[in-house]
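Trainee: could you work out the structure for the sequence below:
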Amino acid sequence: MEIKLIQNEYEKEIVDLILNIQQKEFNVPITLEDQPDLLNIKDFYFESGGCFLGAFIDGKLVGTIALVKFSAEAGAIRKMFVRKEFRGKEYSIAQQLLEQLIQYSEENGLKNLYLGTVTILQAALRFYERNNFITIPKETLPDDFPIMRPDNVFCHLQLNQTK
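Mentor: Presented below is the predicted three-dimensional model:
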């Protein structure tokens, strides 16, 4: 498996991966029109100092995670998706994607990571809890946190301050 920074050249693969999981697997009521970021990854994620990572097996995109840097010291995790057949401890793709995003965040001076998700994604919530994220009330999110319409559960991770 290879994890690397990806941008607009992978737009079709990214859209296919994410929309299939959101709509077909989990029946989340979200469309491509609700996610214009997917059609301009470079401007939406990289221009602010964030990133978009893709996990590849045999040249095929099997997982994504993205970081929206929304303030000097905080970022929002977005687009954490792994194809169903590549989930779990056998591959550890989600874990490796998250670890690389955390490393990128720390190297770029972030102190806090936040994310929003939906209640139905219980495995995702357990995954974040295992990685030391704590569930927080929506009211305690930073004012500039970019909330996605379907999100109803929010988490926070304070990054390692040893640097």
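Trainee: next one: the helix-or-strand element of the chain with minimal mean pLDDT to chain centre, how far?
Mentor: Lowest by mean pLDDT, DSSP states H and E among the helices and strands of the chain is helix 122-130, with a mean of 93. Its chain's average C-alpha position is 13 Å from that of helix 122-130, according to C-alpha atoms, centre = their mean, to the nearest Å.
Trainee: how about it as CSV, C-alpha atoms only?
Mentor: Written as CSV, here are the backbone C-alpha positions of helix 122-130 (Å, rounded to 0.1, in the frame of the first residue of the first chain):
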residue,chain,number,x,y,z
GLN,A,122,-20.7,3.9,14.6
ALA,A,123,-17.6,2.0,13.5
ALA,A,124,-16.0,5.4,12.5
LEU,A,125,-16.9,6.8,15.9
ARG,A,126,-15.3,3.9,17.7
PHE,A,127,-12.2,4.3,15.5
TYR,A,128,-11.8,7.9,16.5
GLU,A,129,-12.3,7.1,20.1
ARG,A,130,-9.6,4.5,19.9
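Trainee: quick one: the helices in this protein?
Mentor: With helices called from DSSP state H, the chain shows them at 11-19, 41, 93-107, 122-130.
Trainee: who wins for proximity to Leu61 among the ones you listed?
Mentor: Among the helices of the chain, the nearest to Leu61 by C-beta to C-beta is helix 11-19 (4.3 Å). Every C-beta, even on glycine, is put in place using the N, C-alpha and C of the backbone.
Trainee: what packs against the closest one?
Mentor: Secondary-structure packing of helix 11-19 (3 or more C-beta pairs under 8 Å, 6 or more residues apart in numbering; DSSP states H and E): strand 51-57, strand 60-71, strand 74-82.
Trainee: gap between the two ends of stretch 119-133?
Mentor: 15 Å (C-alpha to C-alpha, to the nearest Å).
Trainee: any low-confidence regions in the chain?
Mentor: Applying pLDDT under 70 to the chain flags residues 161-163.
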